[in-house]
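>>> just to be clear, the model below is a prediction. Sequence and coordinates:
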Amino acid sequence: MAHKKSRPGEVRPKNRARVLARLRQSKMTCSTHAFVRGSTVRFYEWLSEVRPHTLPDGPAIWICGDCHVGNLGPIGDASGSPSIQIRDLDQTVIGNPAHDLIRLGVSLATAARGSDLPGIVTAKMVEALMAGYLHGIDPDAALHLPPRPASVRTAMKAATARTWKQLAKERLDGPSPSIPLGRHFWPLSREERREIKSLVSQHEVLALVARLYELPGEASVHIVDAAYWVKGCSSLGQRRYAVLLAVEQDRGPRYRLIDVKEAGKAAAPCVSAADMPRHNGERVVMGARHLCPKLGERMAWGRMLGRSFFMRELQPQDLKLSVDKLEQEDATVLAAYLGNIVGLAHGSQMPPDVATAWGRELRARHGRSIDAPFWLWSSIVDLVGLHERQYLEYCRTWAR
């Protein structure tokens, strides 16, 4: 892992914090929907002020904790076959599943607002979100999947067609694999290079690599290259690295690209009696294994730089959904489909009687004017208004 020459667009370690702060501010001014994606903490500040018993107390299960549209998308299994799953678990905790429903509803509603869809469409989307979710937590949910909306079909088509060569072409550089420094990848400090090397030698990581390469016991692996990774919006406050690993085999080296990310403290509240992991990296991995086993099995956690990190293998099939522009005929189908995905992730953790009781609780709270619980509708309306006001104030401050 040799030191590389500087390239245009890259940022040295000592200048990172200032540049990352400006990048995050710039991304969050793009739209209200982008602001919602990067404002998880504001969502839970609102939640802390909600009067007790306003929201139902769902069964204590692992929830996403940051269940916006961008955190769902195609995830590949061990054979590379993709399916739509929850794909980002930084905020995962053992908590109230109602929180994921509200967060997803707000994300869909702001996407609809940003697409200039009529308000009646937003109301229909909330109804569809709840209908899809109820199908998901039902024990026979697999028989009731709603049709795939156009945005999901597009993402799945792209994910199915993608190969490791395409991933390498996008992320790596030249015939001899390396990570290209520039706009998206920045150089490491000496301390970071040393700590990443130590991290990769930890038992959990070696066990992960052995699973990825289908090797018995712990794998003998070496680092080909590594760089600081500039990616995402809300994640810009946490350290993140791209690490290219290789295992020597008879036919030559086999490569794996690993995403290594700092695991901060979750903003999402956990239930009071929950037996939560001590380390945040372990929390993220455990939540992934409950909510998205295909992803969780490609993850491990460890410690470096005095902090907790988690890592995941990047597969060509791993993509995010892009719904910055919603079409009216696609909006309610998308809401039902994503609600179903979250319902399946939640319901898979519930015994049948608990899932049935939770579904009964949600159906009992349906309002007279909307075919969805009124607490869900009113929460979404409050949060859309709050986020739009905060977004404009944020833009005003940024413009100075």
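Nice, thanks for sending it over.
>>> per-domain residue ranges of the protein.
13-19+163-313, 31-160+323-399 (automatic domain parsing).
>>> lowest average pLDDT across those domains?
Mean pLDDT values for these show the minimum at domain 13-19+163-313, a mean of 84.
>>> and the helices in the stretch 251-400 of the chain, which stretches?
Secondary structure of the stretch 251-400 of the chain (DSSP state H, counting those that start in this stretch): helices located at 280-291, 293-296, 328-347, 352-364, 374-399.
>>> point to the residue nearest the middle of the protein.
Centroid-nearest residue in the chain, with C-alpha atoms, centre = their mean: residue 88, separated by 1.8 Å.
>>> just give the number of residues close to residue 147.
9 (other C-beta atoms under 10 Å). In short, each C-beta sits where N, CA and C put it, glycine included.
>>> helix, strand or coil for it?
coil (DSSP: H, G, I helix; E, B strand; the rest coil).
>>> excluding chain neighbours, what is closest to it?
residue 333 (6.2 Å; C-beta to C-beta, 6 or more residues apart in numbering).
>>> could you check how far that neighbour is from residue 106?
19 Å (C-beta to C-beta, to the nearest Å).
>>> out of those two, which sits in the more crowded spot?
Neighbour count, other C-beta under 10 Å: between residue 333 and residue 106, residue 106 has more, with 25 against 20.
>>> tell me if that one really is in a helix.
Yes: Residue 106 sits within a helix when classified using three-state DSSP.
>>> surely the residue nearest to residue 147 is in contact with residue 153?
No: in this structure residue 333 lies outside contact range of residue 153 using C-beta atoms under 8 Å: 10.4 Å.
>>> ok, residues contacting stretch 256-264?
Stretch 256-264 has contacts (C-beta atoms under 8 Å, 6 or more residues apart in numbering) with 90, 167-168, 171-172, 196, 199, 209, 212-213, 229, 235, 237-246, 279-281, 283-284, 301, 307-314.
>>> tell me which of the residues you listed fall in strands.
Counting by DSSP state E, the part of those found in strands is 229, 240-246, 301, 307-313.
>>> give me the buried entries from these.
Buried members of those, counted by 16 or more other C-beta atoms under 10 Å: 229, 240-246, 301, 308-313.
>>> of those, closest to residue 341?
Within those, the smallest distance to residue 341 is 18.8 Å, found for residue 312 (C-beta to C-beta).
>>> quick check: closest non-adjacent residue to that closest one.
Excluding the flanking residues, the one nearest residue 312 by C-beta to C-beta, 6+ apart is residue 299, at 4.6 Å.
>>> do the same with residue 48
residue 269 (7.7 Å).
>>> do the same with residue 317
residue 76 (3.2 Å).
>>> residue 13: what's it in contact with?
Contacts of residue 13 (C-beta under 8 Å, 6+ apart): 186, 187, 188, 189, 192, 228.
>>> what are the ranges of the helices in the stretch 101-250 of the chain?
Counting by DSSP H, counting those that start in this stretch, the helices of the stretch 101-250 of the chain are 119-137, 150-161, 164-171, 190-200, 203-213.
>>> most widely separated two among the buried ones among the ones in strands among the contacts of stretch 256-264?
When C-beta to C-beta is used, the two most widely separated members of those are 246 and 308, lying 25.7 Å apart.
>>> residue 121 is in contact with residue 113, correct?
No: using C-beta under 8 Å as the test, residue 113 is too far from residue 121 to be in contact (9.9 Å).
>>> give me the distance between stretch 348-365 and the centre of its chain.
25 Å (C-alpha atoms, centre = their mean, to the nearest Å).
>>> can you offset everything so residue one is 259?
Got it, first residue is 259 now, which makes that one stretch 606-623.
>>> what residues of that stretch count as buried?
606, 607, 608, 612, 613, 616, 617, 620.
>>> check stretch 649-657 too.
Within stretch 649-657, the residues that count as buried by 16+ other C-beta under 10 Å are 649, 652.
>>> tell me how far that stretch lies from the chain's centre.
The chain centre lies 26 Å from the centre of stretch 649-657; the measure is C-alpha atoms, centre = their mean.
>>> stretch 305-324 too?
With C-alpha atoms, centre = their mean, you get 19 Å for stretch 305-324.
>>> measure stretch 603-616 end to end?
Stretch 603-616 stretches 14 Å from its first residue to its last (C-alpha to C-alpha, to the nearest Å).
>>> pLDDT score for residue 419?
Listed pLDDT for residue 419 reads 68.
>>> residue 377: neighbour count?
11.
>>> now do residue 461
Neighbours of residue 461 (other C-beta under 10 Å): 10.
>>> and it, how far from residue 536?
17 Å.
>>> and for residue 465?
19 Å.
>>> so these two - more neighbours on which side?
Between residue 465 and residue 536, residue 465 has the larger neighbour count (other C-beta under 10 Å), namely 14 against 7.
>>> wouldn't that one be in contact with residue 560 here?
No: at 10.8 Å, residue 465 does not count as touching residue 560 under the criterion of C-beta under 8 Å.
>>> okay, buried residues for stretch 462-476 please.
Those would be 462, 463, 464, 466, 467, 468, 470, 471, 473, for stretch 462-476 by 16+ other C-beta under 10 Å.
>>> any chance of those residues in CSV, with distance to residue 273 too?
As requested, the buried residues of stretch 462-476 are exported to CSV (distance: C-beta to C-beta, whole Å):
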residue, distance to residue 273
462, 32
463, 29
464, 34
466, 32
467, 32
468, 38
470, 34
471, 37
473, 40
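>>> burial count for residue 449?
The burial count for residue 449: 11, using other C-beta under 10 Å.
>>> distance check, it against residue 622.
For residue 449, the distance to residue 622 equals 56 Å [C-beta to C-beta].
>>> quick revisit: closest to residue 283 out of the domains of the chain?
domain 289-418+581-657 (5.5 Å).
>>> so what's the gap between that closest one and the chain middle?
With C-alpha atoms, centre = their mean, you get 13 Å for domain 289-418+581-657.
>>> give me whichever of the domains of the chain is most buried.
Highest mean neighbour count of those: domain 289-418+581-657, a mean of 19 (counted as mean count of other C-beta atoms under 10 Å).
>>> what's the helix or strand hosting residue 279 packed up against?
Assessed by DSSP states H and E, residue 279 sits inside helix 274-286. With contacts taken as 3 or more C-beta pairs under 8 Å, 6 or more residues apart in numbering; DSSP states H and E, helix 274-286 sits against helix 290-295, helix 632-657.
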